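> quick one, what's the 3D model for this:
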Amino acid sequence: MDEAADVVVVGCGNAGICAAIAAREAGATVTVLERAPQHMRGGNSRHTRDIRHVHSGPDQYVTGSYSVAELLDDLRRVTHGGGTPALSELTARESESLPGWMEQRGVRWQHSLHGTLHLSRTNRFMLGGGRAMLNSLYRTAEALGVVFRYDTTVDGVDIAGGGEGGGPTVRLATSTATSTATGIGTVTARAVVFSAGGFEANLKWLSQYRGEGALNYIVRGTPYNDGLILRRLLDLGCRPAGNPANFHGTAVDARAPKFDGGIVTRLDSVPFGVVVNNEAERFYDEGEELWPKRYAIWGGMIGDQPDQIAYSIFDSKSAGLFMPSVYPAYEAATLEGLAEQLGLPPERLRKTVDSFNQSVPATGTFDPSRLDGLSTSGLEPPKTNWARALDEPPYLAYPLRPGITFTYLGVEVTEHAEIVRDQDGQPFPGLFAAGELMAGNILSQGYLAGFGLTIGAVFGRIAGKEAASRALS
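Here you go, the predicted structure:
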C-alpha cells in the first residue's frame, strides 16, 4: 500500500475521528490509519457514555450551569494543580462548543442515567453511548470523503525535507494484516495527527514504573493501545509529557475479562460501604469526595494492596444506590458467611465492620447526592461522608481489581496541538497529537468523569484544523 494524502490521522477513536472531520471540512484530503479491524475501531471511546463540558445554563439534557472557572477548579483539585494551565484553560473554553459541534455531525443526547451520581449538571450523555457516538461521526466522515484503512500498523515515522510546496513531508511505513491479505507500504502526508492512545494495554511496560503487581491489572479498554505509536514518537525525539507511573484507573469487578470489559465492569459501590484488602483491613477513606471526582484514584490504590485485590462490602440498604456490575454481587445473611465466599478471614472482617459501625454518627441525614458530612469518629482511616452502619442483612460484596483506562505519559504539545521536539522545545514540523497521546499535558494525576472525552474532542478538532492548514499552505 503506497498512497498519499494531505493529512493522515493515526488512530480513529474520539480524538482521531474529530481530527479527521475537522481536517476534511477545512479542505484537506484525509486518510485514517487504524490498527484494529473495522469491528473493533474506536479504541477506548467505544466504552464512554458522557462528556464533561462548560455550559451557561440548563437545557433538555443538563440540569444547571457549569462555568469555565468551576471546571478548572474541579480539575485543579483532582490533579492537585498539575498539568499545563494554558492547555487546561483552552480545553475548558473550547468544551462549551462541543455538544453543538457533535450534534451537527450526527451525535444525539439523552438524559443522565439513573445511578450516575452527581453528573446530571456537569456532563452530557450520548444516546446509545460511545459506540453510537462514534458510528455517527464515522458516517459523517465517510460522507465527507475521509478514507479509512483498517488493520494497518504504523511501523515507522520519517520526516523528509523538500516536499511539494517546499515544506517537510511525513512518511509513515505501514504494514497491513487481515484474515485474507498482508502487505507493507508507505503513506505520505504533509501533516500527521497522532491519536493512537497511550500504553495501558502494555502491562509489562507499566510494570517498569508500578512493579510486577501491574501484571494483575485489568485493562478496561482496547488491547491495541500498547504504546507502539508513543514509543515511535519518543524514539523520534518528541518531548515526553506526563507522569509515566500515573494513570486513570478505577475499581472494576475482579471477574472482568483481561481486556475490553468496558464500563459495565466498573463498580461505583465504594462510597456506600467499606472497602477492605485481602487481610480484611480498610485502607482509605471511601467517602472522601463526590464519586466522579475520586473514582479514578481507586485503581491505583487497589494496585498498592497485597495481590492487587480489594473488596467492596455493603448491606441491603445501599444495594440500589449505584449502577451494579454486569456480574452479580456476592451475598450472605452474615458477615462471616460473606467472608467465607470471598476467601477473607471471617474474624477480621467482623472486627473491621464492628469497629466501623461503632464509629458512625448517631444522628444526621444520609444524602448520596452531596457531601453529607456523615463522618466516622475515632477511626483510621476515617470515612468522611456517607458513613452508615452496615447492619441490615443480607450483606453484599464485589471483588475489586485495578481497572486501567489510560496512561498519563504522552508527548508535549502546543496550544495548536503541535508535537514539541525534545531537543530544542520547538514544534516538530507536520506532527500533531490529540487524545490520550497528549492528555498528560493536562492530567498529571486524578481524573474528572467524562473529561478524557473532552480533551480528545477539543484537541482532535484543533489538531485536524491545524494539520489541514499546514498541509494546504
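
> ok, now how distant is Tyr330 from Leu137?
Distance of Tyr330 to Leu137, given as Cβ to Cβ, to the nearest Å: 40 Å. Just so you know, the C-beta spots here come from the backbone N, C-alpha and C atoms, and that holds for glycine as well.

> next one: Leu206
From Leu206 to Leu137 the distance is 30 Å (Cβ to Cβ).

> same question for Arg46.
Distance, Arg46 to Leu137, using Cβ to Cβ: 12 Å.

> go on, Lys465?
16 Å.

> show me which of these two is the more surrounded one.
Taking neighbours as other Cβ atoms under 10 Å, Lys465 and Leu137 compare with Leu137 leading, 25 against 20.

> got the contact list for that one?
Residues in contact with Leu137, defined by Cβ atoms under 8 Å, 6 or more residues apart in numbering, are Asn14, Ile17, Cys18, Ile21, Met102, Arg105, Gly106, Val107.

> ok, for the fourth one, nearest residue in space, not its chain neighbours?
Nearest-residue entry for Ile21: Ala141, 5.2 Å, with adjacent residues in sequence omitted and distances by Cβ to Cβ, 6 or more residues apart in numbering.

> quick one: the one you found is in a strand?
No. Ala141 is assigned helix when assessed by DSSP: H, G, I helix; E, B strand; the rest coil, not a strand.

> next, count neighbours for it.
Ala141 has 27 neighbouring residues, counting by other Cβ under 10 Å.

> list the contacts of it.
Ile17, Ala20, Ile21, Arg24, Val30, Val32, Phe148.

> among those, which lie within helices?
Residues of these located in helices (DSSP state H): Ile17, Ala20, Ile21, Arg24.

> closest to Tyr217 out of the contacts of Leu137?
Using Cβ to Cβ, the shortest approach to Tyr217 within those belongs to Asn14, at 22.9 Å.

> distance-wise, check the residue lying closest to Ala256 once chain neighbours are set aside relative to Trp205.
In this structure, Ala256 finds its nearest non-sequential neighbour in Thr265, 3.8 Å apart by Cβ to Cβ, 6+ apart. Thr265 sits 23 Å away from Trp205, going by Cβ to Cβ.

> between those two, which one's more packed in?
Thr265 (23 against 20).

> which of the contacts of Ala141 are buried? Put it as a ChimeraX command.
To isolate the buried members of the contacts of Ala141 in ChimeraX, using 16 or more other Cβ atoms under 10 Å:
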select :17,20,21,24,30,32,148
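
> now, among the contacts of Ala141, which is nearest to Val353?
Ile17 (47.8 Å).

> please, which helix or strand holds the spatially closest residue to that closest one that is not a sequence neighbour?
Take Ile17 and drop its neighbours on the chain: the residue closest to it by Cβ to Cβ, 6+ apart is Leu137, 4.5 Å away. Assigned by DSSP states H and E, Leu137 belongs to helix 129-144.
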